[in-house]
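**Student:** My questions concern the predicted model and sequence given below.
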Amino acid sequence: GWHCRQDWSDFAMPGCIWWSDFHVSSLAGSIRSGCISWQDRQENFLPVKHGEAMTPWEWHAPIMQRANQLGMSCFSTPFDDSAVDFLESLDVPCYKIASFENTDLPLIRRVAATGKPVLISSGMSSFADLGEAVSVVRAAKAPVGVFQCTTAYPCPPERVGLNLIPFYRERYGCWVGLSD
């Protein structure tokens, strides 16, 4: 089932850059956890619709504090303006845009207006949608990156799409990465 790790210290390894993101919306004043272990995905995976597997907003600051103690950067995926305001109050270092939000240009403008880096997940997006999202972030003069994501959980290794990462760098001229 779904659970929250009390201690992530076994994941904090010297020389590694770790980040964790959580999904935030005003829906019932809660956040949806954005990280579960690969083992959990393999053994206990259940499809989760937006709005399920929620974590109270008041858990967000302690999770971020613990991540920071372990040398991890913790940030979030907002789904509305109130979530952006909440995350700004926590001084998140950057934002991730979920692929199904890549056409919500007002939300992307609001996130980009913070001036913090915006990580755009490709997932369910067309190349045109990704290009428009990147343009909106650039218009706000915020740093932008496009992250390859195959919207399949768990994603079979043969469908990860690592070959798209250099394509994204060439097409969008920004930093790139992988989002699972």
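**Tutor:** Arrived safely. A quick note: this is a predicted structure, and the numbers were derived from the prediction, not measured.
**Student:** Skipping adjacent residues, who's closest to P166 in space?
**Tutor:** Among residues not flanking P166 along the chain, V176 sits closest, at 7.7 Å (Cβ to Cβ, 6 or more residues apart in numbering). For the C-beta atoms, the positions are set from N, CA and C on the backbone; glycine is no exception.
**Student:** Can you get me a residue count around N68?
**Tutor:** Neighbourhood size, N68 [other Cβ atoms under 10 Å]: 12.
**Student:** wouldn't it be in contact with P62 here?
**Tutor:** No: using Cβ atoms under 8 Å as the test, N68 is too far from P62 to be in contact (10.7 Å).
**Student:** Helix, strand, or coil at the residue nearest to P166?
**Tutor:** strand (DSSP: H, G, I helix; E, B strand; the rest coil).
**Student:** OK, contacts around it?
**Tutor:** Listed by Cβ atoms under 8 Å, 6 or more residues apart in numbering, the contact set of V176 reads G145, V146, F147, Q148, I165, P166, Y168, R169.
**Student:** any idea how far the fifth one is from K141?
**Tutor:** So that's I165. 24 Å (Cβ to Cβ, to the nearest Å).
**Student:** These two: which is more packed in?
**Tutor:** Higher neighbour count among I165 and K141: I165, with 17 against 10, using other Cβ under 10 Å.
**Student:** Would you map the helices across the chain?
**Tutor:** With DSSP state H applied, the chain shows helices at 38-44, 60-69, 81-89, 105-112, 127-139, 164-172, listed in chain order.
**Student:** what's the angle from the longest one to helix 164-172?
**Tutor:** Spelled out, it's helix 127-139. On the basis of axes from the mean of the first three to the mean of the last three Cα atoms, to 10 degrees, helix 127-139 is oriented at 60 degrees to helix 164-172.
**Student:** Identify each buried residue in helix 127-139, please.
**Tutor:** Buried residues in helix 127-139, defined by neighbour count with 16 or more other Cβ atoms under 10 Å: D129, L130, A133, V134, V136, V137, R138.
**Student:** angle of that helix against helix 105-112?
**Tutor:** 40 degrees.
**Student:** give me the low-pLDDT residue ranges for this protein?
**Tutor:** Scanning the chain for pLDDT under 70 picks out 1-55.
**Student:** if you set the cut-off to 80 instead, what comes out?
**Tutor:** Under the criterion pLDDT under 80, the flagged ranges of the chain are 1-56, 152-153, 155, 180.
**Student:** Mind listing what's buried along stretch 116-127?
**Tutor:** If you call a residue buried by 16+ other Cβ under 10 Å, then stretch 116-127 has these buried ones: K116, P117, V118, L119, I120, S121, S122, G123, S125.
**Student:** That's all I had, so thanks and see you.
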